[in-house]
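[1] model the structure of this input:
(chains A and B)
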Protein chains: 2
Amino acid sequence: MSTATPSYDELASTWTRMHHLGHLQSIAGWDQAANMPPKGNEARAAALAEMAALLHRMRTDAALPVQLQRAEQEPLSDMQRANLREMHRQWRASNALPESLVQRQQMATSRCEHAWRTQRPANDWKGFVENFRPVLAVAREEAELLSQLNGVRKYDAMMDRFEPGMTCAQVDRVFGDVRQWLPGLIQQVTERQARGTVIAPVGPFDLKAQRDLCEQVMRLLGFDFEAGRLDVSTHPFCGGVPEDVRMTTRFREDDFLGSLMGTVHETGHGRYEQNLPRDWLGQPVANARSMALHESQSLSFEMQLGSHPGFVGQIAPLVQKAFGAQPAFETHNLHRLMTRVKPGFIRVDADEVTYPAHIILRYEIEKPLIEGEIEAEDIPALWDAKVMELLGLDTRGNFSNGPLQDVHWPEALFGYFPCYSLGAMYAAQWFAAMRRAMPDLDTRIDAGELNVVFDWLQQNIWTQASRWTTDELALRASGETLNPAHFRRHLESRYLA
Amino acid sequence: MSTATPSYDELASTWTRMHHLGHLQSIAGWDQAANMPPKGNEARAAALAEMAALLHRMRTDAALPVQLQRAEQEPLSDMQRANLREMHRQWRASNALPESLVQRQQMATSRCEHAWRTQRPANDWKGFVENFRPVLAVAREEAELLSQLNGVRKYDAMMDRFEPGMTCAQVDRVFGDVRQWLPGLIQQVTERQARGTVIAPVGPFDLKAQRDLCEQVMRLLGFDFEAGRLDVSTHPFCGGVPEDVRMTTRFREDDFLGSLMGTVHETGHGRYEQNLPRDWLGQPVANARSMALHESQSLSFEMQLGSHPGFVGQIAPLVQKAFGAQPAFETHNLHRLMTRVKPGFIRVDADEVTYPAHIILRYEIEKPLIEGEIEAEDIPALWDAKVMELLGLDTRGNFSNGPLQDVHWPEALFGYFPCYSLGAMYAAQWFAAMRRAMPDLDTRIDAGELNVVFDWLQQNIWTQASRWTTDELALRASGETLNPAHFRRHLESRYLA
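    Below is the predicted model:
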């Protein structure tokens, strides 16, 4: 059968094959975190490295550049042309890296991540740094190669993997602005909250009841359990494939709010994935736009919606049913608990006001780490100093709740952290746009009409996938590109009004 | 670096790569049965088909025949030579099948197996046969191709995939012999047991307690939980990889013995896999020898050891601890329950005396099915007639507990069923050999010294993997090739002595 777009069709079928093989990689990756017994790790690492190398060979096949060039001349639809642009982007990134580097990276991160799972609870920084050094060495090689290719700074090149087009210059500007007003805001809010009273929930909280509660709230948030699951892992994440989303959480008997809100967060990721354009799955144009956009969904769920008084009013009865009635579970108190601002050690447990501080300190460490200005051994001292400066807390010797707390560095995800705070800013921007389009938004959320939020996100973000650049998508969705003023306004209106 | 065995080394590295990719395939296959939500199936089927096609391309690479031929001339160790023989066998089997057939088979079986999961409980034979017809059609194509290649009957060619060298002629002879004495034995045993009394356990049996009990018994049987897991699936199986064995079972609130003994059965498979020669994993010589040999391990665990009075004495206290004391849980009664002979519908629930009847009837249906002498539509009538003839039971209209009860046909595993009964015969042969070597075997099992059994199996079966042909392995282990007399003697001594 002849076609007017033979080169484009070849490319599309190559990407479909990679999508199929990537499916197995994703499920095995999820399984590694959620199920795998310890002795399985060496074999799993070798298997994942083999697949990474195979996919890398496919992305670096000598036929691709010719096909990409020829496809440019073919009569493509707008969507196909966007797809071709994204193929180009992926091809360019993949062809900077030799197969041996990809394989060494997979091996180093698998080993480091696996050991980290026991080293973190053991507070074993010394053991960790042994495995982390090779991870960092390979990451720097990668940064060097990508930097040369794209003609940008090394850290910019790393960030581009998650947030296409983002640069240190922009992040420095945005985070520099936040550094101006954040300490003052934290102080104002904590002083204000010190005058109110909050009743602490009384545990222990049955793990089975917590799990059931999480699943109920996921249903309330529209997660499709026929196309996904909730399981347990050391570090919560949203994995799997768009057709079968694998969310994880973790439970503690003495606290249910952490895992509940963590689950609400991951559900935002999950719904984005579950609602990517079905007919285009497997093609890069159907991928989520970027990590900041992904975080804008998890934070739309966790912060914008999850801590909205109207939403809290809907989950309060579920909490009471799960653990029995307690004064702490009254809607107003639950809302106060969920919007409690308190500087703490742990990023994933942080409230939305202190959260940017966690990101800024990581950014200020991983940027020079990648640029080769500091070494792995320098991390603890820098960490301690920055946590003291930004959050007023002493973390000396406390590696578990310090630089060992996140899975990102063991997994070489340098350049990812800024996306969390950029995502928080986009989330505030989406809700500001929704309020402009629907002035009664808050009343409708109060009334339990959550679909107005989901419909807006589905139409403006989820189904748009990678059709547009991030700036174009933001412009179409909200009438402007990233504007961090909405985030500041959101915090001030929620915490100081 | 130069080597004296360049072609062999190339082959070994190709097989290592296939082992790594097969790892992802196995874990995704296990996940499909144990975890996957329904809407994930189409994408999973496509992903598994892609991987099957990829592995098929690797096994049919044009370089292989040349390398296999050259390696024959290289100075190989005995183990390497055995490995080369097994590579040859795999290469021969794989090269009979074109990639398109492999892909169609994967698609057809994935669809059929997935639908079967709901069609079986719905007793929906008519729906099932729609998906089963394509499975059968592709299987017949495969049988035809393999038959031409090996110069054997079509069904022999199918059986050879699981039990190398086994033929209809041999199976007809062995099963023909069993048909002579089995009905009489069943009658004698049931008459004899009708004179004794058995106390039925009183349920319901808490599912969590059942799961804990199964895990305790697995530990008693030496299963390594650092290199494997127990989960739940519709049809119990032992999957995963030798480094990370994924066993599944299923629980019913009204019966704990079925899942307990099913777990003991799968643990036999699991320990075989966990104890294959570690240094050779990835090479075909390190694979389990054959399916009958695999079943000889599960049945050594379930029947020879699991129903041994000494072993029952060890699990009785665990059962009492799990569900509370009951007269039914006294050792003697528990042993009577576990050796109760009663013709029934379900193969996996069958006792070891009536079990061969289930196999014989399946063999007598799938053989003509593959040979093209009957069609899928003919199955129910044949099934009904044979169950009546062999077990005296009426299965008309009861498809769920009839031809829909097993996953084997949806998965195109034609030629597998005979291995179960051949495995039971080998298991009896191993224990006869153990008793010759250790005349006090039964006293030692009574005393809880289970390691004498595991050590014998590890030395003679597990670590031998595919080093020898099945006949040679049996000869080295027990001094003779398959001798079904041991099985008859085992049944007579356990049930009529």
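[2] mind checking the longest helix of chain A?
    helix A:6-34 (DSSP state H).
[3] avg pLDDT for whichever helix or strand comes after it?
    Helices and strands here follow DSSP states H and E; after helix A:6-34, the next one along the chain is helix A:41-59. In this model, helix A:41-59 has a mean pLDDT of 94.
[4] how about helix A:41-59: buried residues?
    Neighbour-count burial for helix A:41-59 flags A:41, A:43-56, A:59 (criterion: 16 or more other C-beta atoms under 10 Å in any protein chain shown). Any C-beta I mention is one placed from the backbone N, CA and C, and that applies to glycine too.
[5] on that earlier part again, report the angle between the axes of the longest helix of chain A and helix B:6-34?
    70 degrees (axes from the mean of the first three to the mean of the last three C-alpha atoms, to 10 degrees).
[6] nearest to chain B: which residue in the stretch 51-200 of chain A?
    residue A:51 (6.0 Å; C-beta to the nearest C-beta).
[7] wait, that residue sits on residue B:25?
    No - under the criterion of C-beta atoms under 8 Å, residue A:51 makes no contact with residue B:25, lying 10.5 Å away.
[8] chain B contacts on chain A?
    Proximity of chain A to chain B is confined to A:17, A:20-21, A:23-25, A:27-28, A:31, A:35-40, A:42-44, A:46-51, A:54, A:224-229, A:241, A:243-244, A:281 under the rule C-beta under 8 Å from any C-beta of the partner chain.
[9] mind giving me the packing neighbours of the longest helix of chain A?
    Judged by 3 or more C-beta pairs under 8 Å, 6 or more residues apart in numbering or on different chains; DSSP states H and E, helix A:6-34 is in contact with helix A:41-59, helix A:63-72, helix A:78-94, strand A:228-232, strand A:238-241, strand A:244-249, helix B:6-34, helix B:41-59.
[10] got the domain boundaries for chain A?
    Annotated domains of chain A cover A:6-154, A:168-495 [automatic domain parsing].
[11] what's the end-to-end length of the last one?
    Just to be clear, that refers to domain A:168-495. Chord length of domain A:168-495, first to last residue, is 30 Å (C-alpha to C-alpha, to the nearest Å).
[12] ok, which stretches of the stretch 101-250 of chain A are helices?
    Taking DSSP state H, counting those that start in this stretch, the helices of the stretch 101-250 of chain A run over residues A:125-150, A:154-160, A:168-194, A:207-220.
[13] buried set for the first one?
    Burial within helix A:125-150, assessed by neighbour count using 16+ other C-beta under 10 Å, is assigned to A:125, A:128-129, A:131-132, A:134-136, A:138-140, A:142-143, A:145-147.
[14] residues touching the one residue in the stretch 251-400 of chain A that gets nearest to chain B, list them.
    Nearest residue of the stretch 251-400 of chain A to chain B (C-beta to the nearest C-beta) works out as residue A:281 at 7.8 Å. Shown in contact with residue A:281 (C-beta atoms under 8 Å, 6 or more residues apart in numbering or on different chains): A:19, A:242-243, B:43.
[15] again, only using 6 Å
    The neighbours of residue A:281, taking C-beta atoms under 6 Å, 6 or more residues apart in numbering or on different chains as the test, are residue A:242.
[16] how much space between it and residue A:87?
    Look at residue A:281 and residue A:87: by C-beta to C-beta, to the nearest Å, they are 15 Å apart.
[17] how many residues are close by residue A:75?
    The number of residues packed near residue A:75 is 9, by other C-beta atoms under 10 Å in any protein chain shown.
[18] looks to me like it is in a helix.
    No - checked against DSSP: H, G, I helix; E, B strand; the rest coil, residue A:75 lies outside a helix; its state is coil.
[19] surely residue A:344 is in a helix?
    No - read with three-state DSSP, residue A:344 is coil and lies in no helix.
[20] so what's it closest to, chain neighbours aside?
    residue A:350 (6.1 Å; C-beta to C-beta, 6 or more residues apart in numbering or on different chains).
[21] center of chain A - which residue?
    With distances taken as C-alpha atoms, centre = their mean, the residue of chain A nearest its centroid is residue A:295 (4.8 Å).
[22] quick one: what helix or strand has that one in it?
    Assigned by DSSP H and E, residue A:295 falls in helix A:291-299.
[23] and the helix or strand following that helix, what's buried?
    Note on helix A:291-299: by DSSP H and E, the next helix or strand toward the C-terminus is helix A:309-323. When burial is assessed from 16+ other C-beta under 10 Å, helix A:309-323 yields the following buried residues: A:309-316, A:318-320, A:322-323.
[24] picking up where we left off before, could I get the helix holding residue A:295 in CSV with only the CA atoms?
    Presented in CSV, the C-alpha positions along helix A:291-299 are these (Å, rounded to 0.1, in the frame of the first residue of the first chain):
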residue,chain,number,x,y,z
MET,A,291,7.9,17.4,34.3
ALA,A,292,6.9,20.9,35.5
LEU,A,293,3.6,20.4,33.7
HIS,A,294,3.3,16.9,35.3
GLU,A,295,4.0,18.4,38.7
SER,A,296,1.4,21.1,37.9
GLN,A,297,-1.1,18.3,37.8
SER,A,298,0.0,16.6,41.0
LEU,A,299,0.0,20.0,42.7
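[25] mind giving me the packing neighbours of it?
    helix A:257-274, helix A:417-437 (3 or more C-beta pairs under 6 Å, 6 or more residues apart in numbering or on different chains; DSSP states H and E).
[26] quick one: buried residues of the last one?
    What that stands for is helix A:417-437. In helix A:417-437, counting by 16+ other C-beta under 10 Å, buried: A:417-434.
[27] how about the shortest one?
    Counting neighbours by 16+ other C-beta under 10 Å, one finds that the buried residues in helix A:257-274 are A:257-274.
[28] residue ranges with poor pLDDT in chain A?
    For chain A, the stretches with pLDDT under 70 are A:1.
[29] so who does residue A:467 touch?
    Contacts of residue A:467 by C-beta under 6 Å, 6+ apart are residue A:82.
[30] got phi/psi on it?
    Phi and psi for residue A:467, reported as degrees, to the nearest 10, are phi -60, psi -40.
[31] quick one: what helix or strand has the closest residue to residue A:394 other than its chain neighbours in it?
    Spatially, and ignoring its direct neighbours in sequence, residue A:394 is nearest to residue A:388 (6.5 Å; C-beta to C-beta, 6+ apart). Assigned by DSSP H and E, residue A:388 belongs to helix A:379-391.
[32] tilt between that helix and helix A:125-150?
    Per the same axes, to 10 degrees, the angle that helix A:379-391 makes with helix A:125-150 is 80 degrees.
[33] what does helix A:379-391 rub up against?
    For helix A:379-391, contacts defined as C-beta under 6 Å, 6+ apart pick out A:343, A:357, A:361, A:365, A:393, A:395-396, A:402-403.
[34] tabulate the CA atom coordinates of it in PDB.
    Taking C-alpha atoms only, helix A:379-391 is exported to PDB below (Å, rounded to 0.1, in the frame of the first residue of the first chain):
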ATOM      1  CA  ILE A 379      26.900  17.600  50.000                       C
ATOM      2  CA  PRO A 380      26.300  17.200  53.700                       C
ATOM      3  CA  ALA A 381      28.100  20.400  54.800                       C
ATOM      4  CA  LEU A 382      26.300  22.400  52.100                       C
ATOM      5  CA  TRP A 383      23.000  20.800  53.000                       C
ATOM      6  CA  ASP A 384      23.300  21.600  56.700                       C
ATOM      7  CA  ALA A 385      24.200  25.200  56.000                       C
ATOM      8  CA  LYS A 386      21.300  25.800  53.500                       C
ATOM      9  CA  VAL A 387      18.700  24.100  55.700                       C
ATOM     10  CA  MET A 388      19.800  26.300  58.500                       C
ATOM     11  CA  GLU A 389      19.700  29.400  56.400                       C
ATOM     12  CA  LEU A 390      16.300  28.700  54.600                       C
ATOM     13  CA  LEU A 391      14.400  26.700  57.200                       C
END
